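Asks: model the structure of this input:
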Amino acid sequence: MSPPIPLDRAALDRHPLPPIAGGDKDSHGQILIIAGSRDVPGGALLAAHGSMRAGAGKLQVAAPDVIAMPLGIAMAEAKVVGHASHRDGGFATSALDSLGELASRADAIIAGPGLESNNAAAPLAAILLGLGKPLAIDAALLHVLPHCEKQARAAGISPILLPHSGEMASLLGCDAAEVEADPLAAGRRCAERYGATVLVKGVESHVVAPNGSAWHYSGGGPGLGVSGSGDVLAGITGGLLARGADPLTALLWAVWLHGEAGRALGEKVGPLGFLAREIPGEVPALLAETTSPRA
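Replies: Predicted coordinates for the structure are as follows:
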């Protein structure tokens, strides 16, 4: 199989984002973020910031009701819909029908950041995969995806999977050391198994299409290795999906934007010490620069 393609401006030019539509927020797409728990409410907030900075027009967040009100205050731009909570602080199984109904009305969905891996996780993943919507899956829902392999392969639109090595190990039923020894091979196995567009996160990241084609990104810097960084990346990915980008285009751009935002912060703040919440603020300028015609 062909070696991975460098993920740079030339690669992005071959996968352009949809043109910017009119000024109405509906024309920029509605994103639904299903995220957060009592112990990790910030996962939803970071993903929300990432999605809006990537250009999504309307934002809804579905969260356990124990955290819905503070999330709504923290993210004033969002409609935050609280759903029944389990005693562990995640979603109760009684919330599944209402979560599916809400997701059916969105243009794109991010699911997983900050969620609890409880009894609601696998049924939720199966419901979302069956909707035929652009979908990015992260964190807790990746660990339960082996229970939904058939639904993933049958999804009308290739789901985007965003695992780090431990989550990839769960997806493939192997050790994390095996993933770390050959992340590209792991990404290709995962893409084939689930019919998915896959990111293998790491110091150097690999994006793999369902057909095994791959891209390699080595920028960004060490500062991106910080709590919450992956939630922001999920949000950027979902925001681009909401704008109408296909899964591969959305993921390629999201990885590059996330990495280049880290590089920019490294120059402003230092190689270490910036916060995940600062990453989204760099994205609009990067988008403006890279979507303008080059001389």
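Asks: and D8, how many neighbours?
Replies: 14 (other Cβ atoms under 10 Å). The C-beta positions use only the backbone N, C-alpha and C, and glycine is treated the same way.
Asks: how close does it get to D39?
Replies: As judged by Cβ to Cβ, to the nearest Å, D8 and D39 stand 38 Å apart.
Asks: likewise for P210?
Replies: P210 is 34 Å from D39, by Cβ to Cβ.
Asks: looking at the two, which one has more neighbours?
Replies: More crowded of P210 and D39, by other Cβ under 10 Å: P210, with 18 against 13.
Asks: wait, what's in contact with V66?
Replies: By Cβ atoms under 8 Å, 6 or more residues apart in numbering, V66 lies in contact with 38, 82, 85, 89.
Asks: how about it, secondary structure?
Replies: helix (DSSP: H, G, I helix; E, B strand; the rest coil).
Asks: distance check, it against L161.
Replies: From V66 to L161 the distance is 28 Å (Cβ to Cβ).
Asks: show me where the protein has helices.
Replies: Listed in chain order, the helices of the chain (DSSP state H) span residues 9-13, 42-53, 65-74, 96-104, 121-129, 140-144, 149-154, 165-172, 176-181, 183-194, 229-242, 247-268, 283-290.
Asks: using PDB, write out every CA atom in stretch 269-281.
Replies: Listed next in PDB are the C-alpha coordinates belonging to stretch 269-281 (Å, rounded to 0.1, in the frame of the first residue of the first chain):
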ATOM      1  CA  VAL A 269       3.100  31.500  24.900                       C
ATOM      2  CA  GLY A 270       5.900  29.000  24.900                       C
ATOM      3  CA  PRO A 271       6.300  25.300  23.900                       C
ATOM      4  CA  LEU A 272       4.500  24.200  27.100                       C
ATOM      5  CA  GLY A 273       2.000  25.700  29.400                       C
ATOM      6  CA  PHE A 274      -0.900  26.900  27.200                       C
ATOM      7  CA  LEU A 275      -4.400  25.500  27.900                       C
ATOM      8  CA  ALA A 276      -6.600  23.500  25.700                       C
ATOM      9  CA  ARG A 277      -9.200  26.300  26.000                       C
ATOM     10  CA  GLU A 278      -6.800  28.600  24.200                       C
ATOM     11  CA  ILE A 279      -6.500  26.400  21.100                       C
ATOM     12  CA  PRO A 280      -9.800  27.200  19.500                       C
ATOM     13  CA  GLY A 281      -9.100  30.900  19.400                       C
END
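Asks: buried stuff in it?
Replies: For stretch 269-281, burial by neighbour count (16 or more other Cβ atoms under 10 Å) applies to 274, 276, 278-280.
Asks: nearest to A78, of the residues you listed?
Replies: P280 (13.8 Å; Cβ to Cβ).
Asks: could you report the neighbour count for the residue nearest to the closest one when sequence neighbours are not counted?
Replies: Closest residue to P280 apart from its sequence neighbours, by Cβ to Cβ, 6 or more residues apart in numbering: R53 at 3.8 Å. Using other Cβ under 10 Å, R53 has 22 neighbouring residues.
Asks: same question for the one 4 residues further on.
Replies: Residue crowding around G57 was assessed by other Cβ under 10 Å; the count is 19.
Asks: what sits against the residue lying closest to it once chain neighbours are set aside?
Replies: Counting by Cβ to Cβ, 6+ apart, G57 lies nearest to H28, which is 2.8 Å off, once chain neighbours are set aside. Shown in contact with H28 (Cβ under 8 Å, 6+ apart): 21, 55-58, 242-243.
Asks: separation between H28 and A84?
Replies: From H28 across to A84, the span is 31 Å (Cβ to Cβ).
Asks: what's the answer for A74, then?
Replies: From A74 to A84 the distance is 21 Å (Cβ to Cβ).
Asks: next one: S170
Replies: Distance from S170 to A84, counting by Cβ to Cβ: 26 Å.
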